[in-house]
Structures are given as C-alpha cells and as structure tokens.
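[1] build the 3D model from these lines:
(chains A and B)
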Amino acid sequence: MRFPDSFDVIVIGGGHAGTEAAAAAARMGAQTLHLTMSIETIGAMSCNPAIGGIGKSHLVREIDALDGIMARATDRAGIQFRVLNGSKGPAVRATRAQADRVLYRGAVRELLESTDNLKIFQQAVVDLVVEDGRIAGVVTQTGLTFRAPAVVLTTGTFLGGRIHVGLTHHPGGRAGDAPSNALAERLRALPFKVDRLKTGTPPRIDGRTVDFGVMTAQPGDEPAPVMSLLGSRAEHPRQVPCHITHTNGETHAVIREGLDRSPMYTGVIEGIGPRYCPSIEDKVVRFADKSSHQVFVEPEGLTTQELYPNGISTSLPFDVQLRAVRTIAGFERAHITRPGYAIEYDFFDPRDLAPSLETKVLEGLFFAGQINGTTGYEEAAAQGLLAGINAALKVSGRAPWCPRRDEAYIGVLVDDLTSRGTNEPYRMFTSRAEFRLRLREDNADLRLTGIGHTLGVVGRTRWQSFTTKSSAIDALRAALKSATVVPGSVLAQTIEGACGERVSNATDLLAVLRRPAVKIDALVAALKLPEVAADVANQVEVQTKYDGYIARQQGEIDRLARHEATALPRSLEYAAIDGLSAELKQKLAAARPETLARAARIPGITPAALSLLLVHARRLREQA
Amino acid sequence: MALDGDTIAAVATPPGRGGVGIVRISGPRARDVMQAVTRAAASPRRAQLRDFLDPSGAIIDRGIVLFFPGPASFTGEDVAELQGHGGPVVMDLLLEACLSAGARFARPGEFSERAFVNGKLDLVQAEAVADLIASASKGAARAAMRSLSGDFSRRITELAEAVLNLRIFVEAAIDFPEEEVDFLSTGNVKTQLDDIAANLATLIGGATQGALRTEGWQVVIAGRPNAGKSSLLNRLAGSDRAIVTDVPGTTRDVLRERIDLGGLPLIVVDTAGLRASLDRVEQEGVRRARAEVSTADHLLLVCDPLESEDPLTLINQESLDHLRLTVVENKTDLSGLPVGIVAGASPPRLRLSALTGAGFEALEAHLKAVAGYRDDEGGFSARRRHLDGLRRAQDHVERARAALSSMLAGELVAEDLRAAHQALGEIVGETTSDDLLGAIFASFCIGK
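    Just a heads-up that it's a prediction; the model follows:
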C-alpha cells in the first residue's frame, strides 16, 4: 500500500544521526517522516554511556549552536560532568558527561516528539523507490510505500551487521537487535563502494558484585559544566562518581591463553577496528611491555546496577571474558550481565558523497553516521544534523550548506571523510583541525548560530538566548575598549594590585586584557561594571587573548575561503592536463573534487598543481 | 585577486652570468618590500638608481628600481622590480633581502598565474600560462631534487622527524588527557624542543654562510694519464686553474672548481690519471680519484682517441652500474674526427678538443640535459626555497619555546609546532594529521 500522506524528507534510523537529521529537517520546515525499527530504542546508546570528550564535545556544542538535540538531552541525562584539558588552553578544553541511558533515551524521544513537522513511524525499511535516477521514497517490511524527494539513511552498524563472541558469530545490528540485511542487499546492488569495519564493546557488570572500595573514585566537577546554551545545572539529575581500576599481569595471562579462540587473532573478523579504541586483547598483544591498563568503571544509569567497564572491550570467548574480568581489582566476584562482543558492519566509502552528504550515486539520497565509516555518537549526530539540513534545503530548491574547515569541526569531519575517505572507524580529535585555535567549545554558538538562523534551523527560543548573549559580549568589549587607564591613576593602581602587572602607558582596557596575567574579572571589578555572566566574560577574555594567534591564521583561512569559492567544472579533463603527475591525474579523476579547496585536500597535491587546476578551470568557463 | 594575499618575489631573469638580473615583486606589500631593500621611497613608473641593501644594511648591489602600482601592471597587483647585475650570487642575495622584508618566494609561474587571474591575459595567453606552470614546476621539482641531495637533505629530514616525534607527545597530551602517561615529561618536551632549535640554527647558519652555495652538481673528470682531463677543466673554467703539462701524471691530487655553466652551477672535480704507479704520492692521488668517481653526480670519462683500450675498463663494474657517465673523446684536433655527440653510443660518447674548444657547446648542452636542468629555476632558487622554509620553521620553533616556558605545553605550543612542521613539510613532504595520529597510536597504548 502507498501511505496516503506525502513527505519532504524521510529519515531512516533512530540513532544519534537519525534523530538529529529528523529534528533538523523538521526545524527547517520540511514535512519529515522518521522511520525506525523500534521506537523504544530511539536515542539508544549502543556503546559506552557517555557524551563528549576531547574533540567530541566540540561537535556537541556545534550541534547545540544549530539548535540540535544532543546537548540538551545530555543536560537532562548527565550523571557526572567533567571538564578535560582545563589547563591546556580554551581551544582544547572539552566537556564530558556520563549519561543515564534511560534518561538520555527519554530526553531524545521527548525532544523529538515536541518537534513540529515531525512524524515517527515504526517499521523496518527493506527497499528504496528510485524513479528517473533519483530517490522517490522507501518501502517497508510490510510493503508500505512512503514517498519523499529526499531520504536520509542513518543505519549505523545495522547494515550486514555480524556479532562475534569468541569463534561464534550471528547476524545482529546491536546486541539484542536484528540487522537490516534486506536493505544492505538493496544498497549493495547500487554502485557504491562498500567495505567492512569493526568495533567492539566490553562485557557489562552487575554493580552489586563489585567492590568499589579498592578502586579510585572519580567524582564529577563542582560546579558541573552545562552542555547546552539552553540547558542549566538545575536540569541535571543526581550526580554520581565513576571509578577507576586496572588490569594486571594475571589478567593479561588469561587473555593471552584465550587468543587462540579470538575472532580477531584467528582471522574470522575481516573488518578494520579503530586504532584509538583497541580491544583489551589488542592492547595486551601490541603493548606487551605494559603491565597494566586503566579501566574506567562507568555507571549505566541511576536506576540500574549495571556498569560499563570502559577499556576492556573484547570479542574473546565468554569463559575467557569472565576469568579475565575476575582478575581485576574490585571485580573478583563480578557477575557479567552481558558478554562483550565485536561487531562487523558495512560502511560506504564516504568519497562517494558530496560535502552536503548527498550521495553522488543517487540524487536525493543522503547518508549520515556510522554508515559513512565514523564511530561515536557525536560524529554521527553532527553528520545527521548536516544531512537533515541539506535534505530540507534540497527539497526547497536551495543550495546545500557545507561548513568549511575553519568554521566548524562538522566541516573538518565531513571534509576529511568525503575528500580522503577512511580505512578505520573515524573519530574526531582536535589534532585533525588545523584551525583548532578558532574552533573552540566556547565560541561554537558565535561561529554557527547566526548561520543556522539564516538557514532556518535555529528556533526562536535559541535565537533569543543567543542574541542576548552575543550583545552582552559586544557590550563588554565596547566597555573595555572605551575605558582608558592612565599610569598612576586610581584605576591603574587597582589593576596593578589585582593582577601584579604594571600599567606603564595610557591604554584602553582591551589592550591591557591581552596580557597573559590579566584576568577579565579584575577589570570588570575595577571598572565597577554591573555583573556579567561567566560565559560572556570568558568569551571576551579568550577572544582578546587569542586575537594575535587567530590573525596569524587569517591568510590561510582567506586562501581556503577563496579555494572553496572556486568551483571545478565536472567536465575538467584531468588526464589531459600537462604538468600533473600520473598519480595526481588518477586521484583527481577518481575524486572529481567540487572545488579547488577539496582538490587541495587530496594527498600529494602541490601548489603548482592547484595553480594548473585554477587556470584550466577558468579557461573552460571562459570558453563556455 | 590572487590565490592568497601574499606578496611574492622571485628572480625574473634566467639564471646565469647575464649582464642584468631582475628580481620581481608582486602583491599588496610590493612597495614596502622594495622600500625596505632600497631604504628609499619609490616613485611610480620612474626608473631610479638605488643601492640595494641586505637587512643588516650592507650594500649588495647598485641598480635600477621600478615601481608599477596596480592594476596597471604586469600582474594587475602592485609590482616592483629591482634590476641589478646578473650573476647567481648577487641575485640570490637580492632575493633573500626581499624575502626578509616580508615577501614570499613565488612559485614557478606564479607571476603569470596572477596576471591571468587578474584578467591581464587573454584566453590564448592562458594556454601558455598553463604550459608555463606545468614546465616550470617540473623544472623546479628537478632542481629541488638536486639541491636536496646529500647531507643537507638528510639533516632536514632528521629535523622534520624530530618535530614529528615532539608533536607526538604534545598532541597526545592534548587529545588523550585521560591516559595514565605524563606525555610531557616522558617526552622530555623541553629538551627535545631545545635540540630542534639548536639544530635548526646550525643548519640555517651553515646554509646562509655559503655552505649551500658551494653545493652543486658534482661532475668528476677521470681517465688515463694525459688524456687531457686538466685541459678539459681549464677550458670549462675559462682559466688556467689546473697545471697542464704533457707529462703524464701531472695532476696528483684532486682539484675542484666551481663553475657556472650557463646558469647550471657545477662543481667540476679534476682527478689524477688512473694508472698503476710506484710513486706513493701518485698512488694516493689515484686512490682519491677513485673515491671521487664513486660519489660523482656525473662522470666525464676522458680518453685519447689513440688509446687502444676501452676507457670503461678503468671503472669497476659496481661503479658502472650506478654511475651516470659520458665518455669524452678528446683531441679531435689530432684525430680529425667530427666534434659533438656520437649518435647511438651507450653510454653517451662526445668528441671535442680541449685544446681548441671545439665541441664545448655540445658538452654544455649535454651536461644540462643530463642534469635535467632548465633555465627557469636554477639550483640557487631551489635552495633559497628550502632556506625560506627553514627560516619559517625556526620562527615557529622559537615561538613554541616562548609559549612552553610561559604557559607549559598546551594548544599554543602545539599550534607553533604544527606550523613549524608544515614549513619543513614543504621541503621534505607533507605529514597529514592522520599520519600524526598513526604515530601516536604506534607509540602509546591509547584508548578505552
């Protein structure tokens, strides 16, 4: 049967990419259908119960700046919040929250269900409707056809998913859930390049069988940081600590004995796992000289005893898992509630995507999340948000939005994926961002909310909060700029007393703030300004102190912007360009970069090669 | 509009010992750069006689300056020209002065490219620009390869590796703060950074003081005694650098001569004749000659056409396998054979007369061809490019040291190390962020 209502955008998948995609498309005003195999698992955290961390929290703040869900849900579900890298500088400072799985899922569902233009429907998708070479809708397991000109696919690890515990394996998208094999078959028939990746989880443990007394408690920060501009500490549920314990020589011996039944070490698993999230057997084998590894014991929630021992993900047979776990301090009597497992799944080479996340193979079809070879809730959510925005833009006949690398980590993520591809599950790190000093958590809203407002993805409530904050920032800057301090004056003495810095010539206070030792609170107090919000004061201070560094990158940024604005015609014949090496010709012809900036990201490209492309592109255009 | 907002500079005339050499500057700061070098104000479109000074104020040369404000200029941007006395060393010093004054070394073909982008060239000319960039970049790549041979290259590569090694610790500390490794003390970050700074300073110092300038393409002349090796050197050098007599075995040691062969900088090495001798001094000369042969970029194996034995038998088989050589049949004035390349010979064979100079044009063309030399970017430019990269790396390393001492290793140290690494990467090849992450994961057990 054909479903009677028609939609603008259909989003398939209820994970972190899917929920952000559906909510974003709906906020953009598109009539959106969200299809999921199970409404109960919308917003489920399949891996560890935490949001944020280095590089990842930057993505969460950007999602929030575009009025997305993740940060708001985290504020309602976070049971331990911490700031990481507090002393290494504002750009690499990051927030991490332990989340209660049940609360998180509930918060996501509640936020989705309160979004206008969004309908949710539970049914597995088995086929795509393709008409005139472009997507026209989807077909579900019961033969229902839903029609829409744009479809966002966020199927995570469910495509061709296979779960391994020891040498036994079975099809699965997540422990307890079936994979989407029919859809996987359908997609494999299209000319996408498909490959396999692998990821894993640790065994879960019953907290009643754990001795926390021998572990190190790790409480959250006081006061707890808040994730969303719209969030508040008052929303946070009860806060609980995490704990840290360690593996030991005995653990490692047990693991080594079990390697002959490891699917990893016997070649049963073909997919490539992430280097930064190795299984415990990998750590033991590859770093044999390390006698002990950290295990972060994370609570799964406030209403359950289950624990997530982060650091011992494994696909060893269950008997080895149990013996190994029980060698760890505090886990001697541990009861495993769910075995650890590795999961192999299909992913699609993201180089088949445009930077809008629309597939180059099938117009109107967008991919977001783990299907593109990434790992992590935050990476998935960021892509979902972007795909949702661009699907809605497409339907309304507008040009896609592709954030640049100097604008957002979302831009870095999507550009890395679509121009370079990946051969392991891709995770965000701050070291991936060459404009790291600009892409801070603290200025995500200043970077993106204005853009989001123009695009139409930012709602009224957020826009009001944002404009209030940004005018306060402007006002404080202006106040400091217009205040002059003269040596020997009362103001100078007050500042000298507070900061231990001498004021030796007449200058404005913004210039004084540039000095490393001068804190903005001291200036605000010295000027007797009315109380300013901490985030406003912090923003003015960071901006002022980093001005010089940011200015140094301006040349690089301008170049990137110009390269981004230079489109490369699809008719460019790379093979015929004299002066390009054979290798570059091949890479360029395969990638067909949309812009000069994307060509610049192809490994091995030289400035001279870029000049050649520029000249040839221009010639083609002038001839046309 | 340019691809970037940089002001660029380069030697605009073909390298060599021409009468006049021009350094061209284009971009928003062209006027500033020119005024910094001449310490005088510039009047638009007027030729003025000026001293050219280096940053310390020493006079490099005296010549004509011209300033063309954009858009009525070759590139459409502000353009300045410094016309001095040609010759690679003066041109190089002049270029260096412009780079210290804030210009960036232009890429091959970049002036034409800017002219094109700014609408100064028509479609037909654009074809030519594309060809120019293509051929110029090939030439530059070869020149860069040549100048990156040997010790200089090894030391830059080592330096880039040292920076990578340091970044592994600094970046790991940032991206993996929850690991139980104190990356900064494990990595001896301060010591490593000091070492890098010291090595950079040594490398730049040596390069600036002329160590680089004495580098060149090494051409070794070898052969049996009295084949005319020293005469060949003298003819190439245009002076009586080597003592030439008709007594076999006159050259007992190794003689080196720096020669500018129509823009191609050569170090020509004359060696003792290869023969068994009872004379201990001559034996030592022969030993040294063989050592030179084994490290030559190119070997000129000189022979007398009256010699009966194949000159190739002088060189052992192992050397023959990896050497690039040309057999030079000397004394056409005696043999009466036609001068020039002998068609179809392998290895290449060339006939000339060191006595009369006949056949030397063919020799010059042949040497340039086998050196992969083009007139568009000489070895000097290539080395200047590298020095430019080293200087920028040094600038960032010094900033990183300052940031490290004032606020420990955080994002600012990391930022300057990234920039330093990038500058070195322009010489020895790019390191992507993924390479860096790979090195981190290979070095530490990371991850939950």
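
[2] what helix or strand is the residue nearest to B:Phe183 when sequence neighbours are not counted on?
    Computed as CB to CB, 6 or more residues apart in numbering or on different chains, the closest residue to B:Phe183 that is not its neighbour in sequence is B:Ala173, at 4.0 Å. Quick note: C-beta positions are derived from backbone N, CA and C, even for glycine. Taking DSSP states H and E as the definition, one finds B:Ala173 inside helix B:150-175.

[3] ok, A:Phe443 - how many residues close by?
    Careful, residue A:443 is Asn and not Phe. Neighbourhood size, A:Asn443 [other CB atoms under 10 Å in any protein chain shown]: 19.

[4] was I right to think it contacts A:Val540?
    No. Under the criterion of CB atoms under 8 Å, A:Asn443 makes no contact with A:Val540, lying 11.1 Å away.

[5] in chain A, what residue comes closest to chain B?
    Of all residues in chain A, A:Gly579 sits closest to chain B, at 2.4 Å by CB to the nearest CB.

[6] in three-state terms, label that residue for me.
    coil (DSSP: H, G, I helix; E, B strand; the rest coil).

[7] doesn't A:Leu612 make contact with it?
    Yes. With contact defined as CB under 8 Å, A:Gly579 reaches A:Leu612; the gap is 5.3 Å.

[8] report the contact partners of residue 326.
    Chain wasn't specified; assuming chain A. By CB atoms under 8 Å, 6 or more residues apart in numbering or on different chains, the contact list for A:Arg326 reads A:332-334.

[9] switch to chain B, please.
    Taking CB under 8 Å, 6+ apart, we find B:Thr326 in contact with B:298-301, B:347-350, B:366, B:370.

[10] how about A:Ala444?
    Here A:Ala444 is in contact with A:58, A:61-62, A:64-65, A:408 (criterion: CB under 8 Å, 6+ apart).

[11] widest-spaced pair of those residues?
    A:Asp64 and A:Ala408 (12.1 Å; CB to CB).

[12] just the buried positions in stretch A:19-29, please.
    Of the residues in stretch A:19-29, A:19-28 count as buried by neighbour count, 16 or more other CB atoms under 10 Å in any protein chain shown.

[13] in strands only, show me those.
    Among these, no member falls in strands (criterion: DSSP state E).

[14] run a quick neighbour tally on A:Val485.
    By other CB under 10 Å, 24 other residues sit near A:Val485.

[15] identify the residues contacting it.
    With contact taken as CB under 8 Å, 6+ apart, A:Val485 is in contact with A:491-492, A:495, A:503, A:506-509, A:512.

[16] redo that, cut-off 10 Å
    The contact partners of A:Val485, taken as CB atoms under 10 Å, 6 or more residues apart in numbering or on different chains, are A:491-496, A:503, A:505-509, A:511-512, A:523, A:526-527.

[17] any weak-confidence spans in the stretch 301-448 of chain B?
    By pLDDT under 70, the low-scoring segments of the stretch 301-448 of chain B are B:317-323, B:371-384, B:407-409, B:447-448.

[18] residue contacts, the residue nearest to A:Leu385 when sequence neighbours are not counted?
    Spatial nearest neighbour of A:Leu385, chain neighbours left out: A:Glu20 (4.3 Å); criterion: CB to CB, 6+ apart. Going by CB under 10 Å, 6+ apart, A:Glu20 touches A:11, A:63, A:66, A:68-70, A:108, A:112, A:152, A:154, A:368-369, A:377, A:380-389.

[19] for B:Arg104, give its distance to B:Pro28.
    Look at B:Arg104 and B:Pro28: by CB to CB, to the nearest Å, they are 12 Å apart.

[20] looking at these two, which is more packed in?
    Using other CB under 10 Å, the more surrounded residue of B:Arg104 and B:Pro28 is B:Arg104, with 19 against 13.

[21] local confidence estimate at the residue nearest to that one when sequence neighbours are not counted?
    Leaving aside its sequence neighbours, B:Arg104 sits nearest to B:Asp6 (CB to CB, 6+ apart; 4.6 Å). Note on B:Asp6: pLDDT of 85.

[22] go on, B:Ser185?
    pLDDT for B:Ser185: 75.

[23] that one - that's part of a helix, no?
    Yes. Applying three-state DSSP, one finds B:Ser185 inside a helix.

[24] any idea how far B:Ile446 is from it?
    17 Å.

[25] the two: who's more crowded?
    B:Ile446 (21 against 11).

[26] check contacts around the more buried one.
    A:275-278, A:283, A:287, B:172, B:175-176, B:178-179, B:181, B:437, B:440.

[27] now, which of those residues sits nearest B:Ile22?
    Nearest to B:Ile22 among the contacts of B:Ile446 is B:Leu437, at 46.0 Å by CB to CB.

[28] what about the closest one, neighbour count?
    Neighbourhood size, B:Leu437 [other CB under 10 Å]: 22.

[29] state the helix or strand in which it lies.
    Going by DSSP H and E, B:Leu437 is in helix B:433-443.

[30] next, the angle from that helix to helix B:150-175.
    Per axes from the mean of the first three to the mean of the last three CA atoms, to 10 degrees, the angle that helix B:433-443 makes with helix B:150-175 is 80 degrees.

[31] helix B:433-443 near chain A at all?
    Yes. Counting by CB under 10 Å from any CB of the partner chain, contacts between helix B:433-443 and chain A involve B:433-438, B:440-443.

[32] just put those in a markdown table and tack on distance to A:Pro203.
    Output for the residues of helix B:433-443 next to chain A, formatted as a markdown table (distance: CB to CB, whole Å):
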| residue | distance to A:Pro203 |
| --- | --- |
| B:Ser433 | 33 |
| B:Asp434 | 31 |
| B:Asp435 | 34 |
| B:Leu436 | 33 |
| B:Leu437 | 28 |
| B:Gly438 | 29 |
| B:Ile440 | 28 |
| B:Phe441 | 24 |
| B:Ala442 | 28 |
| B:Ser443 | 29 |
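
[33] out of those residues, which are buried?
    Among those, those scoring as buried are B:433-434, B:436-437, B:440-441, B:443 (criterion: 16+ other CB under 10 Å).

[34] contact partners for residue 396?
    Defaulting to chain A. Residues in contact with A:Ser396 (CB under 10 Å, 6+ apart) are A:8, A:28-30, A:456.

[35] can you look at chain B instead?
    A:552, B:163, B:200, B:415-424.

[36] element containing it?
    Going by DSSP H and E, B:His396 is in helix B:379-407.

[37] so which elements touch the helix or strand following that helix?
    Counting by DSSP H and E, the element after helix B:379-407 in chain order, helix or strand, is helix B:411-428. Under the contact definition 3 or more CB pairs under 10 Å, 6 or more residues apart in numbering or on different chains; DSSP states H and E, helix B:411-428 sits against helix A:534-565, helix B:150-175, helix B:189-206, helix B:379-407, helix B:433-443.

[38] could you give the angle of the third one to helix B:150-175?
    For helix B:189-206 against helix B:150-175, the angle by the same axes, to 10 degrees is 150 degrees.

[39] same thing with the longest one?
    Between helix A:534-565 and helix B:150-175, the angle formed by their directions is 140 degrees, by the same axes, to 10 degrees.

[40] any buried residues in helix A:534-565, and which?
    A:536-546, A:549, A:553, A:557, A:559-560, A:562-564.

[41] ok, and the closest non-adjacent residue to A:Arg515?
    Counting by CB to CB, 6+ apart, A:Arg515 lies nearest to A:Glu501, which is 5.6 Å off, once chain neighbours are set aside.

[42] next: B:Arg288.
    Nearest residue to B:Arg288 in three dimensions, chain neighbours excluded: B:Val254, at 5.1 Å (CB to CB, 6+ apart).

[43] any figure for the gap between that neighbour and B:Ala291?
    In this view, B:Val254 and B:Ala291 are 9 Å apart by CB to CB.

[44] A:Val240 too?
    Per CB to CB, A:Val240 is found 75 Å from B:Ala291.
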